[in-house]
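Visitor: Show me the folded form of this:
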Amino acid sequence: VLDRLPFLVLYLLPSGRVKRVFGRALGKATLRGLSFNLIDTARAEDRSKVRDAVTTALATGKAETLFINGESLDRVLSLDLRVLGDHNLVGTLRDVTDEQVRLETLETARADAEAMAAGKTQFLAGMSHELRTPLNAIIGFSDIMRNRMFGDLPGKYVEYADLIHESGAHLLDLINDILDMSKIEARRYELTLEAM
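Guide: Numbering: from 1, shown residues only. Down below sits the predicted model:
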């Protein structure tokens, strides 16, 4: 039954030496042998990770690690170790290369999305500030016209000044809302408690 598993089950001595291999995955033929050390199956840079996993499992009862196979450097293996009652170890060895590729792709997509969101927030904040400056001038001058500070306006110009002022104030409210949204997205929005 164990030889039909889609991953490998390893029976190890405390030294990391593998005594038995069960399962039919990961090119078992390359791992098959009378006895070999699991640490030696990892690429040179990852051997310390496998050694540390064996040491941790012996100390705490279990350990997990990822490492790259020394024979096929493009394959990522997941090792899960447990201590048995006789102080030997049992471990599962799975090929998780496809999962790692998916995780890396998702991580790259997440980082790209965050960068795009930050760029959008910066753009909105900058654009909103750039629009507020001329809009404040439009509202200010239309208010001067509405209040007839330089004399009466002929005919419909008073109504036009009111429309310009109302439209400018409405547009300013929309721009302020956009600024508030960009502050919220950037986590820089400050709330103040006020009595009503």
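
Visitor: Break down this structure into its helices, ranges please.
Guide: Taking DSSP state H as the criterion, the chain carries its helices at 28-31, 47-60, 97-146, 157-185.

Visitor: mind checking how far Ser15 is from Phe7?
Guide: Distance, Ser15 to Phe7, using CB to CB, to the nearest Å: 23 Å. Where C-beta positions appear, they are placed from N, C-alpha and C, glycine not excepted.

Visitor: Glu64 too?
Guide: Relative to Phe7, and taking CB to CB, Glu64 is found at 14 Å.

Visitor: about what we covered before: which one of Ser15 and Phe7 is surrounded by more residues?
Guide: Using other CB atoms under 10 Å, the more surrounded residue of Ser15 and Phe7 is Phe7, with 17 against 13.

Visitor: So which helix or strand of the chain has the lowest pLDDT on average?
Guide: Least confident helix or strand, the chain: helix 28-31 with a mean of 46, by mean pLDDT, DSSP states H and E.

Visitor: Please identify the deepest-packed of the helices of the chain.
Guide: Of all the helices of the chain, helix 47-60 has the most neighbours on average by mean count of other CB atoms under 10 Å, namely a mean of 17.

Visitor: which helices and strands does that helix pack with?
Guide: In this structure, helix 47-60 packs against strand 62-68, strand 76-83, strand 89-95, with contacts taken as 3 or more CB pairs under 8 Å, 6 or more residues apart in numbering; DSSP states H and E.

Visitor: please redo it, this time with the cut-off set to 7 Å
Guide: strand 62-68, strand 76-83 (3 or more CB pairs under 7 Å, 6 or more residues apart in numbering; DSSP states H and E).

Visitor: Among the ones you listed, which comes closest to Val50?
Guide: strand 62-68 (5.6 Å; CB to CB).

Visitor: Counting neighbours, show which residues of that closest one come out buried.
Guide: Residues Ala63, Thr65, Leu66, Phe67, Ile68 are the ones in strand 62-68 that count as buried (16 or more other CB atoms under 10 Å).
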